[in-house]
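Chemist: A structural model of the following input is requested.
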Amino acid sequence: MGMQMKAVVLAAALAATLALPVEAALPDGAHAPDFTTQATLAGKPFQFSLADALHKGPVVLYFYPAAFTTGCTIEAHEFAEATAKFAALGATVIGVSHDPIEKLNRFSVSECRNKFAVASDADGKIMKEYDAVLMAHPAYADRTSYVIAPGGEILYSYTAMNPDQHVGNTMAAVKKWREAHPAQ
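Modeler: Residues are numbered from 1 along each chain as shown. Below you'll find the predicted structure:
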């Protein structure tokens with residue numbers, strides 16, 4: 001095989017490898033890293049603590065690339081519509097992006113419709129701990145959703161740039177948890 005042909009074969013193999021899905025999320029059963037960060041609900045900033053939220057029940061933690069972008073707006077609308085159902089199951093919803101809190105104050109009102117909190121991860125520490133970094137643009141989070149049990153273990157994770165399945169998938173995971181833990 002000539003050098004040119006080897007280069008073509010190597011390039012094709014590399015391209016095929018890059019096209020494969022990358023497992024970016026923490027696995028089910030892993031312990032969710034604890035964090036406290038600035039968040040906002042209905043345009044009012046506050047300190048969000050994962051540990052405190054888990055005392056109330058499961059947490060749906062979802063990462064999204066950037067406020068006011070098309071996919072992130074669609075996802076925020078869908079989570080806003082489902083927030084009451086999550087709350088009825090005892091779950092808290094929180095979205096996380098790299099955006100500054102000032103931008104998230106507006107996003108929480110207009111796109112989250114004052115229904116759930118969004119948090120700032122301006123330094124990217126939280127998304128790194130959750131393996132939710134968008135590989136093509138490391139300053140941004142990948143679209144990854146987690147359901148975390150009150151004990152801190154990850155019950156479910158889902159990564160897909162298309163926002164369509166995140167709410168339905170996390171809702172199903174919370175319902176499954178609730179069925180197994182009706183008294184909590």
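Chemist: following the helix or strand K128 falls within, which helix or strand comes up?
Modeler: Here K128 sits within helix 125-129, counting by DSSP states H and E. Under the assignment DSSP H and E, the closest C-terminal helix or strand after helix 125-129 is strand 144-148.
Chemist: and that following strand, what does it pack against?
Modeler: In terms of contacts (3 or more CB pairs under 8 Å, 6 or more residues apart in numbering; DSSP states H and E), strand 144-148 is packed against strand 59-63, strand 154-159, helix 166-180. Glycine gets a C-beta too; all of them are placed from N, C-alpha and C.
Chemist: out of those, flag the one nearest A32.
Modeler: Ranking the helices and strands packed on strand 144-148 by proximity to A32 (CB to CB) places strand 154-159 first, at 5.4 Å.
Chemist: helices or strands up against the longest helix anywhere in the chain?
Modeler: Ranked by residue count and defined by DSSP state H, the top helix of the chain is helix 70-88. When contacts are defined as 3+ CB pairs under 8 Å, 6+ apart, helix 70-88 sits against strand 59-63, strand 92-97, helix 166-180.
Chemist: nearest to the spatial middle of this structure, which residue is it?
Modeler: Centroid-nearest residue in the chain: Y62, 2.0 Å away (criterion: CA atoms, centre = their mean).
Chemist: picking that back up, out of the helices and strands packed on strand 144-148, deepest packed?
Modeler: strand 59-63 (a mean of 26; mean count of other CB atoms under 10 Å).
Chemist: how much does it deviate in direction from strand 144-148?
Modeler: Interaxial angle, strand 59-63 versus strand 144-148 (axes from the mean of the first three to the mean of the last three CA atoms, to 10 degrees): 160 degrees.
Chemist: just how off-centre is strand 59-63 within its chain?
Modeler: 5 Å (CA atoms, centre = their mean, to the nearest Å).
Chemist: what's it packed up against?
Modeler: helix 50-56, helix 70-88, strand 92-97, strand 144-148, helix 166-180.
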